[in-house]
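Visitor: sequence first, then the predicted structure:
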Amino acid sequence: MLTLKDVSITFNEGTLDEKKALQRTNLMLNSGDFLTVIGSNGAGKSTLMNITSGSLLPDVGNVYIENKDVTFIPEYKRSHYIGRVFQDPMAGTAPNMTIEENLAIAYSRNKRRTLRFGVNKKRKQMFKEYLETLHLGLENRLTAKVGLLSGGERQALSLLMATFTEPNILLLDEHTAALDPSRAEMITNLTGDIVKKYELTTIMVTHNMQQALDLGNRLIMMDKGQIILDVAGKEKNQLTIEKLLNEFQRIRGTDMVNDRALLG
Amino acid sequence: MFISIFGSIEAGIFYAIMALGVYLSFRVLDFPDLTVDGSFVTGAAIAAMLIVSGYNPLIATVIAILAGFLAGCITGLLHTKGKINPLLSGILMMIALYSINLRIMGRSNIPLLSQETIMTKISQLSERIGFDQVMSSLFTSLGFTHLPRTFGIVIFAAVVTLLIKFLADYLLKTEVGLALRATGDNKKMIRSFSANTDNLTIFGLGISNAFVALSGALIAQYGGFADIGMGIGMIIIGLASVIIGEALFGTKTIAITTLAVIGGAIIYRIVVTLALRVEFLETGDLKLITAVIVITALVAPKIIDNFKEKQRRKRKRTEQMKVAG
Ligand SMILES: Nc1ncnc2c1ncn2[C@@H]1O[C@H](COP(=O)(O)OP(=O)(O)OP(=O)(O)O)[C@@H](O)[C@H]1O
Ligand SMILES: [Mg+2]
């Protein structure tokens, strides 16, 4: 489904600021896998997402989607197959456009954009039905500007927009990080539901270890541009935060818990 | 007085097409495109040149539109592929067009007074079908003595401008149009929904400058000449129209905003006409007047809002005092 093969990328090579953000990273996801990614700040998690989506090109290595080499396919073409939700609730929607217009844009993700109306009666009805699944009452506010929504509402809408066209791959980069705990939980539950409903192949980055344990069937831990732990299936089900922290210490020889946020 | 106001309305409606172009670049694409000063003249120059060479004025106008589209696309290319900042891309294209326009015209001014233009055709038609006579007698009975030569042109101007408005309204609601608007609103987002923002920017600027060139072509035929200097400050006039329109009529929907822009363009013309009638102001002050109008339109709404907000708070406070006391 998705394969990253020997992917490396270095920022500011040859300067004092040199950062090996990914070092010979290999990753293979099967169709329907739900991978959660944890790791300290600067571990390369977002870089991994950006290389998958095509907003960054790797220095070496290749990216394959459905066995097709997409390494050099530009981001806007690759997003035919990829849905994304960003950390910043402002990033995933167009604030000066209405909810229905945003949904219409998302609806065209895997289609050719034409000179037909983006919003019509039939689509309105469809958008309404999708919005109802969010249980936020947004179905009654189709013509409200998205900029007026709260962060949580916007993030829920972003999630819906990224998923309702059933992308081959869903990328979630700390998409609950900017929300207060109750909204974050709402979005987390919604994520679980949506991924299950459409059986999406998903990569979710999170700083919340509990969330990483609760969701998905596979978990990787990253550090300094490398995947240092990779557990799946039963083994993942039996993981606890404590075990994860111990594991990190065993592998890296240092303590991970300098970063309070990691505990979630 | 009536005649000069009537004239400014006529001209304002033609200039409104240019303002709609500016609206597309400035507001929809969020791209401050200064190409306008050049592409307006390009439209005028091509139309005038072709008309003088004996082409049908309608065909001349269509070719002017295409040239404007091309100019806008090049500005878009400079920005997206050449990675030149938006303001600079526009300025570069503007000065390049100055030379190109001179080449097109071959001299700095082409008079069209004795030529067959769209305007002469329209006024002839308006007279032949008796429209002018009807309107004249109507206005005479209302007590006006000095009447314009023809009423056909203002109707024609309104029809063309409204057609362009509806075209813009429609375009901005299509799937492509939604992507275009999102390109101006949130590039990162629209890229993640598989839209090529480069192509959309190029296309959007093309359409914008096509409108501007159409306006230039019509103004040349309306005014009876094309002049190399007729585009100077055009971008500010366009911006003034957009800002005045938005401030007065609001931006609730696209359809309202585009109508507001047209209204803004007309009001701008009327204000300028009235200002020039003031004793101590002369034609050379036009640019200064424009600057003052734009500044007023930018600052006044904020002052008014501030004032309203203050009043509201004051009212709340007295209400609360009453409740407490
Ligand atoms: N565009 C860039 N230019 C230079 N350095 C970059 C760039 N993007 C990322 N980096 C560096 O690469 C490293 C990995 O960054 P990345 O954003 O992938 O980390 P992350 O794991 O997502 O961290 P966080 O948890 O803070 O989001 C960091 O040291 C970062 O400073
Ligand atoms: Mg990150």
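Guide: Looks like it arrived, so ask away. Ligands and ions are numbered 1, 2, ... in the order given.
Visitor: burial measure for residue 193, as a count.
Guide: Went with chain A since none was named. 11 (other CB atoms under 10 Å in any protein chain shown). In this view, the C-beta of every residue, glycine as well, is placed from N, C-alpha and C.
Visitor: that's the wrong chain, I meant chain B
Guide: When neighbours are counted by other CB under 10 Å, B:F193 registers 27.
Visitor: mind listing what it touches?
Guide: Each residue near B:F193 by CB atoms under 8 Å, 6 or more residues apart in numbering or on different chains is listed here: A:S79, A:I105, A:A106, A:S108, A:R109, A:M161, B:A179, B:A182.
Visitor: ok, which stretches of the stretch 51-200 of chain B are strands?
Guide: Along the stretch 51-200 of chain B, counting by DSSP state E, counting those that start in this stretch, strands occupy B:109-111.
Visitor: contacts only, for residue 240.
Guide: The chain I'm using is chain A. By CB under 8 Å, 6+ apart, A:T240 lies in contact with A:L213.
Visitor: not quite, go with chain B.
Guide: By CB under 8 Å, 6+ apart, the residues touching B:A240 are B:G264, B:Y268, B:T290, B:I293, B:V294, B:A297.
Visitor: distance check, it against A:N12.
Guide: Note on B:A240: its distance to A:N12, by CB to CB, to the nearest Å, is 45 Å.
Visitor: before we move on, what about A:Q226?
Guide: Using CB to CB, A:Q226 is found at 19 Å from A:N12.
Visitor: the two: who's more crowded?
Guide: Taking other CB under 10 Å, A:Q226 and A:N12 do not tie; A:Q226 has more neighbours (16 against 9).
Visitor: name the nearest residue to the more buried one, ignoring sequence neighbours.
Guide: A:Q23 (5.4 Å; CB to CB, 6 or more residues apart in numbering or on different chains).
Visitor: what kind of secondary structure is the one you found in?
Guide: Recorded secondary structure, A:Q23: strand (DSSP: H, G, I helix; E, B strand; the rest coil).
Visitor: who's in contact with it?
Guide: Contacts here follow CB under 8 Å, 6+ apart; on that basis A:Q23 touches A:S8, A:K224, A:G225, A:Q226.
Visitor: for it, give me the pLDDT.
Guide: pLDDT, A:Q23: 92.
Visitor: ok, A:F164 next?
Guide: pLDDT, A:F164: 93.
Visitor: in the longest helix seen in chain A, what counts as buried?
Guide: Scanning chain A for the longest helix, with DSSP state H as the assignment, gives helix A:181-198. Neighbour-count burial for helix A:181-198 flags A:R183, A:A184, A:M186, A:I187, A:T188, A:L190, A:T191, A:G192, A:I194, A:V195, A:Y198 (criterion: 16 or more other CB atoms under 10 Å in any protein chain shown).
Visitor: which residue packs closest to the first one, ignoring adjacent ones?
Guide: Taking CB to CB, 6+ apart, and ignoring the residues beside it in sequence, A:R183 has A:G152 as its nearest neighbour in space, at 3.4 Å.
Visitor: same question, the fourth one
Guide: Distance criterion CB to CB, 6+ apart; nearest residue to A:I187, sequence neighbours excluded, is A:T176 at 4.8 Å.
Visitor: equivalent analysis for B:T258, please.
Guide: B:K165 (4.8 Å).
Visitor: same question for A:T25.
Guide: Nearest residue to A:T25 in three dimensions, chain neighbours excluded: A:V7, at 4.8 Å (CB to CB, 6+ apart).
Visitor: hmm, the one you found is touching A:T47, no?
Guide: No. The pair A:V7 / A:T47 is not scored as a contact, 9.3 Å apart, by CB atoms under 8 Å.
Visitor: which helix runs longest in chain B?
Guide: helix B:286-324.
Visitor: now that helix: buried residues?
Guide: B:I289, B:T290, B:I293, B:V294, B:T296, B:A297.
Visitor: what's the answer for stretch B:106-125, then?
Guide: Within stretch B:106-125, the residues scored as buried using 16+ other CB under 10 Å are B:I110, B:L112, B:Q115, B:T117, B:I118, B:M119, B:T120, B:K121, B:I122, B:S123.
Visitor: domains of chain B?
Guide: B:2-277, B:287-325 (automatic domain parsing).
Visitor: any idea which of those domains scores lowest on pLDDT?
Guide: Among the domains of chain B, domain B:287-325 carries the lowest mean pLDDT, a mean of 87.
Visitor: residue numbers of chain B in contact with chain A?
Guide: Proximity of chain B to chain A, by CB under 8 Å from any CB of the partner chain, involves residues B:171, B:173-179, B:181-182, B:185-186, B:188-197.
Visitor: buried members of those into PyMOL, please.
Guide: Of the residues of chain B next to chain A, the buried ones go into a single PyMOL selection, burial set by 16+ other CB under 10 Å:
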select buried, chain B and resi 171+173+174+175+176+177+178+179+181+182+185+186+189+190+191+192+193+194+195+196+197
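Visitor: can you flag which of the residues of chain B next to chain A belong to helices?
Guide: Judged by DSSP H, the subset of those located in helices is B:171, B:173, B:175-179, B:181-182, B:185, B:188-191, B:197.
Visitor: about what we covered before: thought the residue nearest to A:I187 was touching A:Q155?
Guide: Yes. Between A:T176 and A:Q155 there is a contact under CB under 8 Å: 7.3 Å.
Visitor: which of the residues in the helix or strand where the residue nearest to A:T25 lies are buried?
Guide: Taking DSSP states H and E as the definition, A:V7 sits inside strand A:2-11. The neighbour-count check on strand A:2-11 (16+ other CB under 10 Å) flags A:L2, A:T3, A:L4, A:K5, A:V7, A:S8, A:I9, A:T10 as buried.
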